[in-house]
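Visitor: Sharing a model that was predicted from the sequence below.
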Amino acid sequence: MQSDPDTPLMPKATAVWLVDNTSMTFEQIAAFCRLHPLEVGAIADGDAAQGIKGADPIQTGQLTRAEIERAETNPGYRLKLSKPKTIVPELKRKGPRYTPVSKRQDRPNAILWLVRHHPELKDQAVIRLVGTTKATIAAIRDRTHWNSANLTPLDPVTLGLCSQVDLDREVETAARESGITSPAVLPAGLGEQPDALMPVEQSLDQADDDGRNDRSRVDPDAVFSGLQAWKKGERHEDEDDED
């Protein structure tokens, strides 16, 4: 619900300040703050707006000192809000993403990358990311695009067609709508990270398995047979023969 542009911010707090700091009538304050004159009278008597700190409309730029003095000298005058010094533009309806002319030739490559790596993305999500059309997306999916033979999948973030934040948001939303709980599996050769570290639990389990396998390959009898022979003196005889 949009507030009345002619109503000051924090009407009751503004009314408290005007009652305490000006000699305007209750009708003038009520008309400016969009309150009932009886409510303004209750504020003056301390029966209403208890605990509300007065808001200075001059400090917030809603009134000028000259405007207040004019109202004080003329009980029939009605206060007018000052025009804001800065005008905030209205929010426009978000349309398709604009793509610079220099990067439009890269859009088919970006679409191909999105279709291959994130098939869960709907056409509307792809349109929001790279600013294309459903017909182009369908042609690239079906390989009926006029330049399909020369297309190369390229990351739209790297191409500068969208931000990583927007891409992650669209992928997360599509995965949630599709019921996907694990990351999408990339094709073989894509996304493989040979230098990546394994999780701690997996590395510990593998170390335990390797230790058990090494111990299982060791023959205790073979290890201690030479020691028993050495204790009986047989090892010394062999060494003497070699000498």
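Guide: Good, I have the coordinates. Numbers count the residues shown, from 1 in each chain.
Visitor: In contact with the closest residue to P11 other than its chain neighbours, which residues are there?
Guide: Leaving aside its chain neighbours, P11 sits nearest to C33 (4.1 Å; criterion: CB to CB, 6 or more residues apart in numbering). Quick note: C-beta positions are derived from backbone N, CA and C, even for glycine. Applying CB atoms under 8 Å, 6 or more residues apart in numbering, we find C33 in contact with 7-8, 11-12, 14-15, 18, 40.
Visitor: Likewise for D155?
Guide: 110, 113.
Visitor: Check P8 too.
Guide: Residues in contact with P8 (CB under 8 Å, 6+ apart) are 14, 32-33, 57, 62-63, 81.
Visitor: Columns distance to N147 on top of these, output as JSON lines?
Guide: As requested, those are exported to JSON lines (distance: CB to CB, whole Å):
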{"residue": "T14", "distance to N147": "63"}
{"residue": "F32", "distance to N147": "65"}
{"residue": "C33", "distance to N147": "65"}
{"residue": "P57", "distance to N147": "63"}
{"residue": "Q62", "distance to N147": "59"}
{"residue": "L63", "distance to N147": "63"}
{"residue": "L81", "distance to N147": "58"}
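Visitor: Throw those into JSON lines and include pLDDT, thanks.
Guide: Formatted as JSON lines, these follow (pLDDT from 0 to 100):
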{"residue": "T14", "pLDDT": "91"}
{"residue": "F32", "pLDDT": "91"}
{"residue": "C33", "pLDDT": "90"}
{"residue": "P57", "pLDDT": "90"}
{"residue": "Q62", "pLDDT": "88"}
{"residue": "L63", "pLDDT": "89"}
{"residue": "L81", "pLDDT": "86"}
